[in-house]
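[1] Need coordinates for the below:
(4 chains)
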Protein chains: 2
Amino acid sequence: MSEIQRPGALYQQVAAAIREAILSGEFAPDSLLPSEAQLMARYGVSRPTVRNAISALRAEGLIDVRHGKGSFVRSSGQPHLTIERRVSRTAEGKFVMPNGDIWQEAEEPTTYRTHTTKDTGRLLRLDEEEALFGCDRLLIDPSSGTRAMHRTLIPFEVAEAVPLLGEEPCKPAAAIYWVLTQAGHQLAWTETVRARMPLPDERTALKLPDATPVLHVTRTAHGTDDRPLFLEELRFGADRAELVYRITADKQPTRRTRT
Amino acid sequence: MSEIQRPGALYQQVAAAIREAILSGEFAPDSLLPSEAQLMARYGVSRPTVRNAISALRAEGLIDVRHGKGSFVRSSGQPHLTIERRVSRTAEGKFVMPNGDIWQEAEEPTTYRTHTTKDTGRLLRLDEEEALFGCDRLLIDPSSGTRAMHRTLIPFEVAEAVPLLGEEPCKPAAAIYWVLTQAGHQLAWTETVRARMPLPDERTALKLPDATPVLHVTRTAHGTDDRPLFLEELRFGADRAELVYRITADKQPTRRTRT
DNA sequence: TGACGTCACTTGTCCTTACGAGTTACGACT
DNA sequence: AGTCGTAACTCGTAAGGACAAGTGACGTCA
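    Numbers count the residues shown, from 1 in each chain, chains lettered A, B, ... in the order given. This next block holds a predicted model:
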């Protein structure tokens, strides 16, 4: 029966009241919220209004609703999995990835041929409609249950110029780095990080809950002449994992070419 | 009048039909979608059903709805602003940030004192409830209109141990790096990247559209003994900006302490 | 005891109706 | 010609009703 009439629309007042109750600790994380019927009585509003308020809190990622059970306060736990983006080399010069061993393949990799899009073309510094080898993987970290979509793209011209690369875009990235090094390239990498809401296929493939963005990391490997040779993409739900980078200071403030 | 009856709920079928029409190009980016009344007629459903479908597409970030005007296909343009996360030093050893000059302060910085939370405590490797100096800024990049929330946190014990640091958490990060270097520290940085849906205050402060996640970057500066000295946070809408990192290979695969 | 059906609870879907509020264009009045 | 009001469109909010579907507990029956 707590009366409400502060700002804006009714359902926003209800949403604000519930939000405060959650943040103030009246409703603990993982606990069950009052049912829609109870909220109707508590705030003296109709069911559509209550559902509208709940839907707003859902979009904020504050609560999870389960059909037949009720609404639960989402436990705002930090991501469990830490993905370190680093490239290391052993004494023999082989490449080692910090997270190379945690992932398992959930299904068979898919290889295919495509063309550069506006997006990948920009990052590879190629025109549109350039031919590419591609390989898609669906990865799982069994210990945390985190799922991720992985993709590698190799331009035709690079694959042709580098002997061992062949038509095998599904090799692990470390192996591809090695082959490129053997071909005389000294590698450096550029990584671009973006976040957005998942597309429907990503929502299902990654088993994402409501209001969960995807982190989209794109790494390009540059060769000796600073030209991009190879593109690697990783997409995963931002609720499960976070990215970590180690940075050291550049000696001189180099100016890179503008993208 | 296009009949629909494939999968699941009616409103999902309607949403899927509109989604396809958008992705197939029938509705171009920035163009006006049919009004709710027209969609009701087109699919033979009631207004709540149409609105439910539209609300789903809105949550996916596919469309923008403007009161009194209609629904518009969101132009899926890539982020305009590229934020390079790098630390460079001039010949004299001063620190230079790649994006140090693009930001302007939208309002007066706020200084305050707080304590470590579970989150910042973990990153600074301090217990909870340790005292901190803090400074919050609201930044704007005038050329792109991008807004960002910036925060610096300095533990009391660090501020006391380093003479010039004083109670001035609002100095630019580069200046703080410099003071720490003068105090004998050799700095390295760790950056953590996360994404999540904005809180209500972030939505308004950053002027975020619907279904726009925030990218949340946290940088800690480590001193000579590898202990975190200083924390810097940047939050911004993922629709406007992207992060870029430059990576070079480590010589030996160093094992860092676990967080 | 075990299996299963029922019931009472939950949220999900869908409809109808009504009015409020922002936007735009047109036309009448000054 | 310029101003302003109104009308007709848009989406936003709120209420009511009805039934479907998932969940869990309880009780009955074999």
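[2] what helix or strand does the residue of the stretch 51-200 of chain A at minimum distance from DNA strand D sit in?
    Proximity of the stretch 51-200 of chain A to DNA strand D (C-beta to the nearest atom of the strand) peaks at A:Gly68, 2.7 Å away. The C-beta positions use only the backbone N, C-alpha and C, and glycine is treated the same way. For A:Gly68, there is no enclosing helix or strand under DSSP states H and E.
[3] Tell me how many other residues crowd it.
    4 (other C-beta atoms under 10 Å in any protein chain shown).
[4] before we move on, what about A:Glu130?
    15.
[5] which residue packs closest to it, ignoring adjacent ones?
    A:Thr116 (4.5 Å; C-beta to C-beta, 6 or more residues apart in numbering or on different chains).
[6] Which residue ranges of chain A form helices?
    A:10-23, A:36-43, A:47-59, A:118-124, A:156-161, A:173-182, A:200-205 (DSSP state H).
[7] Name the spans of the stretch 151-259 of chain A whose pLDDT lies under the cut-off.
    By pLDDT under 70, the weakly predicted segments of the stretch 151-259 of chain A are A:163-169, A:252-259.
[8] Residues of it that sit close to chain B?
    Contact residues, the stretch 151-259 of chain A versus chain B (C-beta under 8 Å from any C-beta of the partner chain): A:187-200, A:211, A:213-215, A:219, A:238-239, A:242-254, A:256, A:259.
[9] Could you dump the helices of chain A into JSON lines with mean neighbour count and distance to B:Arg137 added?
    Converted to JSON lines, the helices of chain A look like this (neighbours: other C-beta atoms under 10 Å in any protein chain shown; distance: least, C-beta to C-beta, whole Å):
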{"stretch": "helix A:10-23", "mean neighbour count": "19", "distance to B:Arg137": "24"}
{"stretch": "helix A:36-43", "mean neighbour count": "16", "distance to B:Arg137": "38"}
{"stretch": "helix A:47-59", "mean neighbour count": "19", "distance to B:Arg137": "28"}
{"stretch": "helix A:118-124", "mean neighbour count": "17", "distance to B:Arg137": "31"}
{"stretch": "helix A:156-161", "mean neighbour count": "16", "distance to B:Arg137": "43"}
{"stretch": "helix A:173-182", "mean neighbour count": "18", "distance to B:Arg137": "38"}
{"stretch": "helix A:200-205", "mean neighbour count": "14", "distance to B:Arg137": "34"}
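[10] To B:Thr111, which of those helices lies closest?
    Minimum separation from B:Thr111 across those (C-beta to C-beta) falls at helix A:10-23, 24.4 Å.
[11] follow-up on the earlier one: I'd like the distance between the residue of the stretch 51-200 of chain A closest to DNA strand D and chain B.
    Going from A:Gly68 to chain B by C-beta to the nearest C-beta, to the nearest Å gives 16 Å.
[12] still on that earlier bit, I'd like the helices of chain A written out as JSON lines, with distance to A:Glu92 added.
    Listed next are the helices of chain A as JSON lines, based on distance: least, C-beta to C-beta, whole Å:
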{"stretch": "helix A:10-23", "distance to A:Glu92": "54"}
{"stretch": "helix A:36-43", "distance to A:Glu92": "63"}
{"stretch": "helix A:47-59", "distance to A:Glu92": "51"}
{"stretch": "helix A:118-124", "distance to A:Glu92": "29"}
{"stretch": "helix A:156-161", "distance to A:Glu92": "24"}
{"stretch": "helix A:173-182", "distance to A:Glu92": "10"}
{"stretch": "helix A:200-205", "distance to A:Glu92": "37"}
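[13] Switch these over to TSV; also include distance to DNA strand C.
    Listed next are the helices of chain A as TSV, based on distance: least, C-beta to the nearest atom of the strand, whole Å:
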stretch	distance to DNA strand C
helix A:10-23	11
helix A:36-43	4
helix A:47-59	6
helix A:118-124	30
helix A:156-161	45
helix A:173-182	40
helix A:200-205	14
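[14] how about the closest residue to A:Leu39 other than its chain neighbours, what does it touch?
    In this structure, A:Leu39 finds its nearest non-sequential neighbour in A:Val50, 4.7 Å apart by C-beta to C-beta, 6+ apart. Contacts for A:Val50 (C-beta atoms under 8 Å, 6 or more residues apart in numbering or on different chains) come out as A:Tyr11, A:Val14, A:Glu36, A:Leu39, A:Met40, A:Tyr43.
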